[in-house]
Every structure is written in C-alpha cells, then in structure tokens.
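1. mind folding the following:
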Amino acid sequence: MGEKIYTLTSPVMGTFYRSSAPGEKSLVEEGQSITPSDIICVIESMKIFTELHSEHPGVIKKILVENEEAVMKNQVLIEIELN
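-> Next up, the predicted model:
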C-alpha cells in the first residue's frame, strides 16, 4: 500500500521558524501526530509572522528546512503522512 504524503509549502518568501518565539521548543517534531488546528511552523516576511497549519490530520514525516533558514514562496517545508 502506498502512503499518502501531503506537503506543507511556504505561502511567501521569508524566514522559516520551527518555534513560535526565540528560545521556545519546536512546534512539531518528526514522528509527531498533528491535527489541522495545530500550528506547524511560522514564516516571517517583512516583519509579518504567518502561522502555518496542515490542511489534513497526519504524522510529521520529514522537516525539510532548518530553523531560521530563508525559504522561497511555494518551497516545500514539511512532509506529512496522512492518516
């Protein structure tokens, strides 16, 4: 059986953050179960912070970018295995 993977992409060019504030723990880790209400990561662009959520419940399979890494619009950030 093939697993179904959903990819979370950046809506804007900016900086990727795994936590909601400096010094805080990461919002998600690989292997963690998530729901659509969970904040997965934050993108900062021009001093505006955008919280990203998954559109589907699932499990974080792979985080593809490092904390504080610059990302491009539509860049794949996280792979989520759908439930």
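2. nearest residue to Ser19 in space, please, no chain neighbours.
-> Ser26 (5.4 Å; CB to CB, 6 or more residues apart in numbering). In short, each C-beta sits where N, CA and C put it, glycine included.
3. so the one you found touches Arg18, yeah?
-> Yes. Between Ser26 and Arg18 there is a contact under CB atoms under 8 Å: 4.2 Å.
4. have a look at the two and say which one is more surrounded.
-> The neighbour count for Ser26 versus Arg18, taken as other CB atoms under 10 Å, is higher for Arg18 (21 against 14).
5. what's the local residue count around Lys47?
-> 6.
6. ok, back up a step: any shared contact partners between Ser26 and Arg18?
-> Asn67 (CB atoms under 8 Å, 6 or more residues apart in numbering).
7. list the contacts of the residue lying closest to Ser37 once chain neighbours are set aside.
-> Sequence neighbours aside, His53 is the residue nearest to Ser37 in space, at 6.9 Å (criterion: CB to CB, 6+ apart). Counting by CB under 8 Å, 6+ apart, His53 touches Pro36, Ser37, Asp38, Ile39, Ile40.
8. let's see it at 10 Å
-> Leu8, Ile34, Thr35, Pro36, Ser37, Asp38, Ile39, Ile40, Cys41 (CB atoms under 10 Å, 6 or more residues apart in numbering).
9. equivalent analysis for Leu82, please.
-> Applying CB under 10 Å, 6+ apart, we find Leu82 in contact with Glu3, Lys4, Ile5, Tyr6, Ser54, Glu55, His56, Pro57, Gly58, Val59, Lys61.
10. try it again at 6 Å.
-> Lys4, Tyr6, His56, Gly58 (CB atoms under 6 Å, 6 or more residues apart in numbering).
11. tell me what it is bridged to.
-> According to DSSP bridges, the residues that bridge with Leu82 are Gly58.
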